[in-house]
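> sequence unknown, structure follows:
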């Protein structure tokens, strides 16, 4: 068996990149955009400033990659959950918990810091918008698959979009206070509506 002599170096490089991405997200979630710099992320990750800039030449590169990395990881978890999804009416309620999970926790808190910066900084905005569009498209695709909807139906596409928007809103509502009880109440009601809407649309088509 012929070993690739560069493999250990590539593994170390990937591990370094992973540490930087996780440190960037943790710092954004804990202390915000203003206090999170390339230098503070590098120190937190135990990586030199030069090595950090080798992977991410600019601050926007680092934070954009961090948001993308964690969003993709969360979407992978949701795809994996497809294998154990219940059938019947419970499927939609379980799906809502998974989708709302995209917009809660440290990842969403970190993303919110970047979005706020992008609202007032054209450079950050130009960097982040294409990334957010890509993540949103993938979230929509996964949501449609989880909800088992016909994407040829304009009405159901709108329902999926509304569900994701609801998730973002609930994520925002939970930033300052624990909104768990209210969130469950809203999702219970929305699950009932979704079951009815999807059933109506399927019976109309067939």
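In hand now; what should we look at? Just so it is clear, the structure is predicted and the values come from calculations on it, not from any experiment. Residues are numbered from 1 along each chain as shown.
> list phi and psi for the spatially most central residue of the chain.
Nearest to the mean C-alpha position of the chain, counting by Cα atoms, centre = their mean, stands residue 71 at 3.3 Å. Here the main-chain torsion angles of residue 71 (degrees, to the nearest 10) amount to phi -60, psi -40.
> and residue 133, by the same measure?
Torsion angles, degrees, to the nearest 10, at residue 133: phi -60, psi -40.
> the residue nearest to the centre of the chain contacts residue 107, correct?
Yes. In this structure, residue 71 is within contact of residue 107 by Cβ atoms under 8 Å, at 6.9 Å. C-beta: built from backbone N, CA, C; applies to glycine.
> if I look at these two, which residues touch both of them?
Shared contacts of residue 71 and residue 107, defined by Cβ atoms under 8 Å, 6 or more residues apart in numbering, are absent.
> pLDDT on the one helix or strand residue 145 maps to, on average?
Using DSSP states H and E, residue 145 sits in helix 122-147. Regarding helix 122-147, the rounded mean pLDDT is 84.
> state the distance from the nearest residue to residue 62 once chain neighbours are set aside to residue 66.
Closest residue to residue 62 apart from its sequence neighbours, by Cβ to Cβ, 6 or more residues apart in numbering: residue 56 at 3.8 Å. Remark: distance between residue 56 and residue 66 (Cβ to Cβ, to the nearest Å) = 9 Å.
> give me the more crowded residue out of the two.
Set residue 56 next to residue 66 and count neighbours by other Cβ atoms under 10 Å: residue 66 wins out with 26 against 22.
> and the lowest-mean-pLDDT helix or strand in the chain, what does it pack onto?
Least confident helix or strand of the chain, by mean pLDDT, DSSP states H and E, is helix 59-81 with a mean of 79. Under the contact criterion of 3 or more Cβ pairs under 8 Å, 6 or more residues apart in numbering; DSSP states H and E, helix 59-81 touches helix 7-35, helix 38-45, helix 89-100, helix 105-120, helix 122-147.
> nearest to residue 161, of those?
Residue 161 lies closest, by Cβ to Cβ, to one member of the helices and strands packed on helix 59-81: helix 122-147, at 6.8 Å.
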